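*Asks:* Sequence plus the predicted model coming up.
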Amino acid sequence: MKIGELAKRTGLNASRIRFYETEGLLGTVERGANGYRRYPPEAVALLGIVTSAQRAGFTLDQIRYLMPTGSQGWKHDELTARLREKVTEIDVLQEQLAQNKAQLLAVIDGIENRPDGIACSDNKQRMFDLLRLEEGKAGQAD
């Protein structure tokens with residue numbers, strides 16, 4: 001299929017497809033006598049893998065390593081090991097995000113529930129103390 005049809009099927013623009021090709025993520029792409037690229041039907045699936053892997057946080061180098069190699073397909077043990085590593089990275093990131101969220105919510109609460117009659121400079125110090133307390137709680141969880 002030509003690049004326009006591949007773009008329609010995948011939802012990617014032609015320049016993105018050419019970029020992935022240049023990066024070696026689509027394997028060898030044949031060219032017709034007119035010089036136009038001719039993509040095999042499996043290019044749709046390969047591009048789906050690439051875009052899904054990017055959404056999951058894999059870099060192009062990592063994706064290149066994970067792609068099936070010719071007719072041999074995937075190296076299953078290596079693939080599952082890399083996928084498990086990514087899941088672990090996501091778990092760590094989720095923990096960090098949860099800590100960040102808790103800290104931000106504490107700051108919001110501290111601002112919205114400022115004690116009556118407290119001076120702005122005293123509230124600023126109160127907020128700094130609150131942030132240090134929240135950071136200490138996050139550090140203890142590690």
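*Replies:* That came through fine. Residues are numbered from 1 along each chain as shown.
*Asks:* helix, strand or coil for the residue minimising distance to the centre of the chain?
*Replies:* By CA atoms, centre = their mean, the chain has its centre lying nearest to Gly57, at 2.5 Å. Look at Gly57: counting by DSSP: H, G, I helix; E, B strand; the rest coil, its state is coil.
*Asks:* Please list all residues in contact with it.
*Replies:* 86, 89-90 (CB atoms under 8 Å, 6 or more residues apart in numbering). In short, each C-beta sits where N, CA and C put it, glycine included.
*Asks:* Who wins on neighbours among those residues?
*Replies:* Lys86 (16 neighbours; other CB atoms under 10 Å).
*Asks:* which residues does that one contact?
*Replies:* Applying CB under 8 Å, 6+ apart, the residues near Lys86 are 56-58.
*Asks:* how close does it sit to Thr59?
*Replies:* Going from Lys86 to Thr59 by CB to CB, to the nearest Å gives 11 Å.
*Asks:* What's the end-to-end length of stretch 10-19?
*Replies:* Start-to-end span of stretch 10-19 (CA to CA, to the nearest Å) is 14 Å.
*Asks:* Now do that stretch: distance to the chain's middle.
*Replies:* 19 Å (CA atoms, centre = their mean, to the nearest Å).
*Asks:* Just send the contacts of Gly57 back as TSV, with distance to Ser52 and secondary structure too.
*Replies:* Shown next, in TSV, are these (distance: CB to CB, whole Å; DSSP: H, G, I helix; E, B strand; the rest coil):
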residue	distance to Ser52	secondary structure
Lys86	12	helix
Glu89	16	helix
Ile90	14	helix
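*Asks:* mind listing what's buried in whichever strand or helix holds Arg64?
*Replies:* Taking DSSP states H and E as the criterion, Arg64 maps to helix 60-66. Under the neighbour-count criterion of 16 or more other CB atoms under 10 Å, helix 60-66 has 63, 66 buried.
*Asks:* What lies in contact with that helix?
*Replies:* Contacts for helix 60-66 (CB under 8 Å, 6+ apart): 23-25, 49-50, 53-54, 58, 74, 79, 82.
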